[in-house]
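Colleague: the amino acid sequence is not available; the structure is as follows:
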(Lines give C-alpha, C1' and ligand atoms only; values in the text may rest on other atoms or scores of the structure.)
Protein backbone atom coordinates (compact mmCIF):
# COMPACT_ATOMS: atom_id res chain seq x y z
CA UNK A 1 0.00 0.00 0.00
CA UNK A 2 1.48 3.27 -1.10
CA UNK A 3 0.36 6.17 1.09
CA UNK A 4 1.23 9.65 -0.09
CA UNK A 5 0.29 13.00 1.47
CA UNK A 6 -0.05 16.08 -0.65
CA UNK A 7 1.61 19.38 0.33
CA UNK A 8 -1.63 20.97 1.68
CA UNK A 9 -2.26 18.02 4.01
CA UNK A 10 1.29 18.21 5.37
CA UNK A 11 0.95 21.96 5.99
CA UNK A 12 -2.43 21.43 7.66
CA UNK A 13 -1.13 18.68 9.98
CA UNK A 14 1.96 20.73 10.86
CA UNK A 15 -0.19 23.78 11.62
CA UNK A 16 -2.56 21.67 13.70
CA UNK A 17 0.35 20.26 15.71
CA UNK A 18 1.74 23.74 16.38
CA UNK A 19 -1.73 24.98 17.38
CA UNK A 20 -2.19 22.11 19.85
CA UNK A 21 1.24 22.70 21.40
CA UNK A 22 0.53 26.44 21.66
CA UNK A 23 -2.87 25.77 23.26
CA UNK A 24 -1.32 23.46 25.86
CA UNK A 25 1.41 26.03 26.64
CA UNK A 26 -1.16 28.83 27.03
CA UNK A 27 -3.37 26.65 29.25
CA UNK A 28 -0.41 25.76 31.49
CA UNK A 29 0.59 29.43 31.68
CA UNK A 30 -2.92 30.46 32.71
CA UNK A 31 -2.98 27.71 35.34
CA UNK A 32 0.41 28.81 36.74
CA UNK A 33 -0.68 32.45 36.71
CA UNK A 34 -3.85 31.62 38.61
CA UNK A 35 -1.88 29.71 41.26
CA UNK A 36 0.55 32.64 41.61
CA UNK A 37 -2.32 35.13 41.96
CA UNK A 38 -4.02 32.92 44.56
CA UNK A 39 -0.81 32.52 46.56
CA UNK A 40 -0.22 36.28 46.56
CA UNK A 41 -3.84 36.91 47.60
CA UNK A 42 -3.59 34.41 50.47
CA UNK A 43 -0.40 36.09 51.70
CA UNK A 44 -2.05 39.52 51.54
CA UNK A 45 -5.13 38.28 53.43
CA UNK A 46 -2.85 36.63 56.00
CA UNK A 47 -1.05 39.94 56.58
CA UNK A 48 -4.41 41.68 57.06
CA UNK A 49 -5.49 38.78 59.26
CA UNK A 50 -2.46 39.35 61.53
CA UNK A 51 -3.06 43.12 61.68
CA UNK A 52 -6.74 42.65 62.59
CA UNK A 53 -5.83 40.25 65.37
CA UNK A 54 -3.31 42.77 66.69
CA UNK A 55 -6.08 45.42 66.77
CA UNK A 56 -8.36 42.99 68.60
CA UNK A 57 -5.60 42.39 71.14
CA UNK A 58 -5.08 46.15 71.62
CA UNK A 59 -8.80 46.62 72.33
CA UNK A 60 -9.40 43.50 74.44
CA UNK A 61 -5.95 42.75 75.90
CA UNK A 62 -6.36 39.21 74.55
CA UNK A 63 -6.85 37.40 71.26
CA UNK A 64 -10.36 36.27 70.25
CA UNK A 65 -11.51 32.84 71.27
CA UNK A 66 -12.66 30.43 68.57
CA UNK A 67 -16.34 31.27 69.13
CA UNK A 68 -15.69 35.02 68.83
CA UNK A 69 -13.53 34.40 65.79
CA UNK A 70 -16.40 32.61 64.05
CA UNK A 71 -18.81 35.48 64.83
CA UNK A 72 -19.02 37.79 61.81
CA UNK A 73 -20.51 40.72 63.76
CA UNK A 74 -17.55 40.74 66.16
CA UNK A 75 -14.82 40.26 63.56
CA UNK A 76 -16.13 42.90 61.15
CA UNK A 77 -14.98 45.46 63.74
CA UNK A 78 -11.40 44.41 62.93
CA UNK A 79 -11.54 43.25 59.30
CA UNK A 80 -13.04 44.82 56.17
CA UNK A 81 -14.21 41.42 54.95
CA UNK A 82 -15.15 38.50 57.16
CA UNK A 83 -15.19 35.58 56.74
CA UNK A 84 -12.12 35.61 54.59
CA UNK A 85 -12.38 34.50 50.97
CA UNK A 86 -11.48 30.91 50.25
CA UNK A 87 -8.83 30.17 47.66
CA UNK A 88 -9.46 26.53 46.92
CA UNK A 89 -6.88 24.65 44.85
CA UNK A 90 -5.75 21.08 44.27
CA UNK A 91 -3.30 21.47 47.14
CA UNK A 92 -5.53 23.45 49.51
CA UNK A 93 -9.08 22.43 50.44
CA UNK A 94 -9.07 25.31 52.95
CA UNK A 95 -7.14 28.56 52.90
CA UNK A 96 -6.93 29.60 56.56
CA UNK A 97 -7.04 28.09 60.02
CA UNK A 98 -7.12 29.96 63.34
CA UNK A 99 -5.97 28.36 66.57
CA UNK A 100 -5.86 30.02 69.96
CA UNK A 101 -3.25 28.66 72.36
CA UNK A 102 -3.94 31.15 75.13
CA UNK A 103 -5.22 34.70 75.62
CA UNK A 104 -1.79 35.92 74.53
CA UNK A 105 -0.88 33.47 71.75
CA UNK A 106 -2.51 32.39 68.49
CA UNK A 107 -1.46 30.49 65.40
CA UNK A 108 -2.50 31.37 61.88
CA UNK A 109 -2.17 28.54 59.39
CA UNK A 110 -2.55 29.36 55.70
CA UNK A 111 -2.29 27.21 52.62
CA UNK A 112 -0.65 28.29 49.36
CA UNK A 113 -1.21 26.57 46.02
CA UNK A 114 2.43 27.26 45.06
CA UNK A 115 5.60 28.79 46.49
CA UNK A 116 5.40 32.54 46.93
CA UNK A 117 7.88 34.89 48.54
CA UNK A 118 9.40 33.26 51.60
CA UNK A 119 6.55 30.75 51.88
CA UNK A 120 6.31 27.25 50.47
CA UNK A 121 3.43 25.57 48.71
CA UNK A 122 1.07 23.90 51.19
CA UNK A 123 0.47 24.83 54.82
CA UNK A 124 2.50 27.62 56.45
CA UNK A 125 2.24 28.99 59.98
CA UNK A 126 2.47 32.41 61.58
CA UNK A 127 2.48 32.64 65.37
CA UNK A 128 1.39 35.76 67.22
CA UNK A 129 2.14 36.15 70.91
CA UNK A 130 2.31 38.88 73.51
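Modeller: Thanks, I have the structure now. Quantities reported herein were computed from a predicted structural model and do not represent experimental measurements.

Colleague: for residue 8, give me phi and psi.
Modeller: Main-chain dihedrals, residue 8, degrees, to the nearest 10: phi -60, psi -40.

Colleague: helices of the chain, start to end?
Modeller: Per DSSP state H, the chain carries helices over the ranges 7-60, 66-70, 72-75.

Colleague: format these as CSV; extra columns: mean pLDDT and mean neighbour count.
Modeller: No exception for glycine: its C-beta is placed from N, CA and C like everyone else's. Listed next are the helices of the chain as CSV, based on pLDDT from 0 to 100; neighbours: other CB atoms under 10 Å:
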stretch, mean pLDDT, mean neighbour count
helix 7-60, 84, 13
helix 66-70, 90, 13
helix 72-75, 92, 12
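
Colleague: show me the one of these that comes nearest residue 81.
Modeller: Using CB to CB as the measure, helix 7-60 is the one of the helices of the chain that comes nearest residue 81, at 8.5 Å.

Colleague: who are the packing partners of that closest one?
Modeller: strand 96-102, strand 105-112, strand 122-129 (3 or more CB pairs under 8 Å, 6 or more residues apart in numbering; DSSP states H and E).

Colleague: now the angle between strand 96-102 and that helix, please.
Modeller: 20 degrees (axes from the mean of the first three to the mean of the last three CA atoms, to 10 degrees).

Colleague: circling back: tabulate the helices and strands packed on helix 7-60 (a markdown table), appending mean neighbour count and mean pLDDT.
Modeller: Output for the helices and strands packed on helix 7-60, formatted as a markdown table (neighbours: other CB atoms under 10 Å; pLDDT from 0 to 100):
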| stretch | mean neighbour count | mean pLDDT |
| --- | --- | --- |
| strand 96-102 | 14 | 92 |
| strand 105-112 | 20 | 95 |
| strand 122-129 | 13 | 94 |
